[in-house]
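Engineer: Make a model of this:
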Amino acid sequence: MDLDATVRDLAPRVLHYCRARTADAGLAEEVAQESLTALVRRWRRLGPPDSPAAFVFTIARRRAGRAAARRRLWAPIEELLGARDGHPTPEEQAMAASRRARLVRCLSRLRSRDREALLLVTAGGLGTGDAAAALGISTSALKMRTLRARQRLRVLLEGTRE
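Structural biologist: Model (predicted):
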C-alpha cells in the first residue's frame, strides 16, 4: 500500500460524502481535509490502518456530524450579524438548488442510521466491507440497511415530485 495513492483514491470519495453529509461545499472540504490529514498522521506514525477507507470515513462521519451541529448552533447568530451577506441571493440559488434541496429533504426524512449507510456507500463510494467497518456493523447488516434506505428514499422522492 502506498500512502500517496491511497490519499489520491480516497480524496474525491470522502469529499463527495462530506458534501452530501454537510450540504456545504466549504465545510465539506474542511472536514475531508481533516479526515485525510488524520490518515496521513496515523500512517506515518503507526503504519497503514487495516482499512484506510474505513479509517478515513469513520473520522469524516464524526467530524461532519460535529460540524453540522456547530453550524446549526451558529447559523442564527451569523444571520443576525450579517455574516452570510457574501452568499448568492435565494433567487439565484433557487433554480440550481431545487433538486438538491428536494434530495436533502428526502434524505433527512430517513432514519439516521439508514442515511449514514446510504451516504457512505453512494456519496463516499465505500465498499460494503469498509462502510460496515466505519459504522461498526456486519457486512450483511450494511447491505440490508442500504437496500432498505434506497427503497425508502425512492418512495420519498416519488412522493415529492414537482
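
Engineer: Spit out the contact partners of the nearest residue to residue 152 once chain neighbours are set aside.
Structural biologist: Closest residue in space to residue 152, ignoring its immediate chain neighbours: residue 110 at 5.8 Å, by Cβ to Cβ, 6 or more residues apart in numbering. (Glycine included, C-beta is placed from N, CA and C.) By Cβ atoms under 8 Å, 6 or more residues apart in numbering, the contact list for residue 110 reads 118, 149, 152-153, 156.

Engineer: Rebuild those as TSV, extending it with neighbour count and pLDDT.
Structural biologist: Shown next, in TSV, are these (neighbours: other Cβ atoms under 10 Å; pLDDT from 0 to 100):
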residue	neighbour count	pLDDT
118	23	89
149	22	91
152	17	91
153	19	88
156	17	89
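
Engineer: what stretches of the chain score poorly on pLDDT?
Structural biologist: Along the chain, segments meeting pLDDT under 70 span 72-97, 160-162.

Engineer: let's see it at 50
Structural biologist: For the chain, the stretches with pLDDT under 50 are 80-81, 83.

Engineer: just the helices in it please.
Structural biologist: Taking DSSP state H as the test, the helices found in the chain are 3-22, 25-46, 52-81, 90-108, 112-121, 128-135, 139-159.

Engineer: for the last one, packing partners?
Structural biologist: Meaning helix 139-159. In terms of contacts (3 or more Cβ pairs under 8 Å, 6 or more residues apart in numbering; DSSP states H and E), helix 139-159 is packed against helix 90-108, helix 112-121, helix 128-135.

Engineer: what's the angle between that helix and helix 112-121?
Structural biologist: Going by axes from the mean of the first three to the mean of the last three Cα atoms, to 10 degrees, helix 139-159 is angled at 100 degrees with respect to helix 112-121.

Engineer: what do you get for the shortest one?
Structural biologist: What separates the directions of helix 128-135 and helix 112-121 is an angle of 130 degrees, with the same axes, to 10 degrees.

Engineer: Pull out the C-alpha coordinates of helix 128-135 and format them as CSV.
Structural biologist: Presented in CSV, the C-alpha positions along helix 128-135 are these (Å, rounded to 0.1, in the frame of the first residue of the first chain):
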residue,chain,number,x,y,z
THR,A,128,-19.6,-2.8,1.8
GLY,A,129,-16.8,-4.1,4.0
ASP,A,130,-15.3,-0.6,4.6
ALA,A,131,-18.7,1.0,5.1
ALA,A,132,-19.7,-1.7,7.6
ALA,A,133,-16.5,-1.2,9.5
ALA,A,134,-17.0,2.6,9.6
LEU,A,135,-20.4,2.0,11.1
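
Engineer: If anything else comes up later, I'll come back, but that's it for now.
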